[in-house]
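Student: with the sequence up front, the predicted model follows.
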Amino acid sequence: MKRDRALFGVFLFSLVFSAVLLAPNGVAQSEENSFPHRLLTVYNSGPAFLLKVERVNLAAGRNDLQREVTEKTLPSSFFIEPESGQLIEARLRPGISSKRELIERYVGKKVSLQLCPSGGCFNREGTIIAILDGDPLLETNYGQKVLLKDPSSYEFTGVDSVSAEDFSPHLSFSLYVPEGGSSFLRWGYRTNGFVWDPLYKVVLNEGNNELTFNGQGMVRNSSDKDLRVNELTLIAGKPADEGREESAQMDVRAKAFNLAMAPEEPKLSKTFEYYSYSIERPVELRSGEISYLPLFSRSGVGFEKSYVYEPGASSGVKTFVEFENTEEAGAGLALAEGNVDIYGVEGDSLQFLGRDRVPGTAKGEEVRLTVGLAFDLKGERIVKEREKIGERSWEEKISISLENHKTEAASVEVIERLKGSWSILSSELKFEQIDSDRISFQLELQAGEEKEFSYSYRYEY
């Protein structure tokens with residue numbers, strides 16, 4: 001299996017470089033806009049996978065390179081693949097994030113330390129030889145070794161000052177190439193700090209029973225880096241294990257050299273067992289910000305309203321909007337689980353109706369959204385009779401009434417949750433069993449009509 005994966009990786013690597021060399025406009029023409037090429041793949045709850053492809057000039061022999069990475073990089077996830085030559089070694093150097101880490105960088109260097117006890121301030125000069133519990137052990141210019149408690153300031157002498165790069169983690173690696181020249185370098189890693197959620201908006205037009213369905217990707221960058229990528233892929237799901245994640249990455253890497261113009265709408269495709277949206281255009285994700293990226297827009301999707309009265313779950317009659325997630329109905333999208341904001345058209349403006357959450361929904365399945373409680377439909381449930389007929393068994397007679405104050409007819413489904421091990425003794429309406437403890441009745445109510453029905457059942461524990 002490992003050998004097969006290795007061969008597959010080699011095949012993809014060769015395929016990718018071939019794709020670059022055989023690009024329609026030629027690498028020489030598109031190189032300026034395409035390299036370095038950065039591709040970011042983000043899963044719903046993380047992590048993210050960052051791929052970079054760049055052209056580098058290497059000298060014959062050993063070449064030492066350094067690249068900046070994010071603070072939340074997963075150390076075991078790096079890969080470095082040069083087009084020619086081989087990797088000798090790689091090291092991950094964390095950035096300076098505390099005073100102690102800063103001082104440790106200058107162990108063995110000469111410093112001037114200022115101490116301010118109660119009697120006043122004075123300086124001590126020497127070389128830091130160790131850090132003990134956060135305090136520097138100083139060897140003075142006279143050979144004395146002094147442990148200084150919490151100096152108020154440090155002045156570094158005879159060494160380079162700290163640069164901004166020292167506060168960011170870096171990947172340092174060495175490549176060996178037999179002959180110098182320009183070649184491609186592909187490298188990447190997984191990192192936390194990037195997650196995304198779908199955010200949907202549905203606008204209902206009751207006049208023609210059609211809706212508009214829009215989707216956005218809400219991408220959060222909580223890493224320490226602003227990131228500008230050539231292509232962003234949003235995957236609906238989270239890797240269950242390393243094998244699955246690697247398969248997803250392999251597929252994404254192969255797409256990194258797609259130099260075609262980006263379509264108006266992100267591509268929806270299947271990556272291993274996940275669905276993904278590929279945004280094939282430059283995207284900038286700034287540290288600490290949320291970016292909203294359009295995924296799709298569908299209009300003229302036919303829908304139906306339905307009403308459900310379930311006394312055990314709600315105090316009123318719930319209103320639902322239902323539509324078929326098919327291309328024939330105007331949708332036909334694989335939907336990641338996410339929140340849906342529902343609006344109604346009111347003149348030239350929109351009225352917020354409610355928010356629901358849609359589960360992961362495949363093409364061809366029905367989408368059912370809860371809008372809220374119907375104002376003009378009222379329901380009431382009354383236990384008319386209850387009799388204990390055995391040590392652990394009872395019989396109940398239930399009465400349910402519904403009122404329709406609308407100006408049009410309404411069809412209401414009544415759902416009853418039954419107790420224990422049950423059996424229906426009698427019912428004035430036909431019912432259907434939904435599952436082991438629920439049954440449903442269907443009532444048709446004309447405008448202004450009120451209806452009542454009852455049923456009896458026996459249950460035991």
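Tutor: Cool, got the structure.

Student: I'd like the mean pLDDT over stretch 176-183, please.
Tutor: For stretch 176-183, the mean pLDDT works out to 92.

Student: likewise stretch 37-52?
Tutor: The average pLDDT for stretch 37-52 rounds to 90.

Student: for it, which positions count as buried?
Tutor: 37-44, 46-52 (16 or more other C-beta atoms under 10 Å). Bear in mind the C-beta positions are built from the backbone N, C-alpha and C, glycine included.

Student: stretch 350-370 too?
Tutor: In stretch 350-370, counting by 16+ other C-beta under 10 Å, buried: 353, 354, 356, 358, 361, 367, 368, 369, 370.

Student: picking up where we left off before, in strands, which of the buried residues of stretch 37-52 appear?
Tutor: 37, 38, 39, 40, 41, 42, 43, 48, 49, 50, 51, 52 (DSSP state E).

Student: quick check: the farthest pair among the buried residues of stretch 350-370?
Tutor: The largest separation in the buried residues of stretch 350-370, counting by C-beta to C-beta, is between 353 and 361 at 20.1 Å.

Student: hang on, the earlier thing: can you pick out the most distant pair from the ones in strands among the buried residues of stretch 37-52?
Tutor: Using C-beta to C-beta, these span at most 21.0 Å, a distance reached by 37 and 43.

Student: with respect to residue 459, which of the buried residues of stretch 37-52 is nearest?
Tutor: Looking across the buried residues of stretch 37-52 and measuring by C-beta to C-beta, the closest to residue 459 is residue 44, at 41.8 Å.

Student: what's the farthest-apart pair in the buried residues of stretch 37-52?
Tutor: Maximum pairwise distance in the buried residues of stretch 37-52, criterion C-beta to C-beta, is 24.7 Å, between 37 and 44.

Student: where in the protein is pLDDT low?
Tutor: Applying pLDDT under 70 to the chain picks out residues 1-35, 97, 119, 152-165, 237-264, 271-273.

Student: which stretches of the stretch 201-350 of the chain form helices?
Tutor: For the stretch 201-350 of the chain, applying DSSP state H, counting those that start in this stretch gives helices covering 242-254.

Student: what ranges does it have for its strands?
Tutor: Secondary structure of the stretch 201-350 of the chain (DSSP state E, counting those that start in this stretch): strands located at 210-221, 227-229, 231-236, 267-271, 274-279, 283-285, 290-302, 304-309, 317-324, 338-346, 349-358.

Student: before we move on, what about the stretch 1-150 of the chain?
Tutor: 37-43, 48-58, 61-68, 79-82, 86-93, 110-115, 122-132, 135-140, 145-147.

Student: in the third one, what's buried?
Tutor: Of all the residues in strand 61-68, those buried under the rule 16+ other C-beta under 10 Å are 63, 65.

Student: and for this structure, the residue most distant from the center?
Tutor: When distances are taken from the C-alpha mean of the chain, residue 142 lies farthest, 59.5 Å away, according to C-alpha atoms, centre = their mean.

Student: mind listing the strands for the stretch 351-461 of the chain?
Tutor: Listed in chain order, the strands of the stretch 351-461 of the chain (DSSP E, counting those that start in this stretch) span 366-373, 377-388, 393-404, 410-417, 421-427, 431-435, 438-445, 450-460.

Student: need the contact partners of the first one.
Tutor: The contact list for strand 366-373, computed with C-beta atoms under 8 Å, 6 or more residues apart in numbering, reads 202, 314-325, 331, 335, 340, 342, 353-354, 356, 358, 361.

Student: how far away from the center of its chain is that strand?
Tutor: 24 Å (C-alpha atoms, centre = their mean, to the nearest Å).

Student: got the angle for that strand vs strand 304-309?
Tutor: 60 degrees (axes from the mean of the first three to the mean of the last three C-alpha atoms, to 10 degrees).

Student: check contacts around residue 374.
Tutor: 307, 316, 317, 318, 319.
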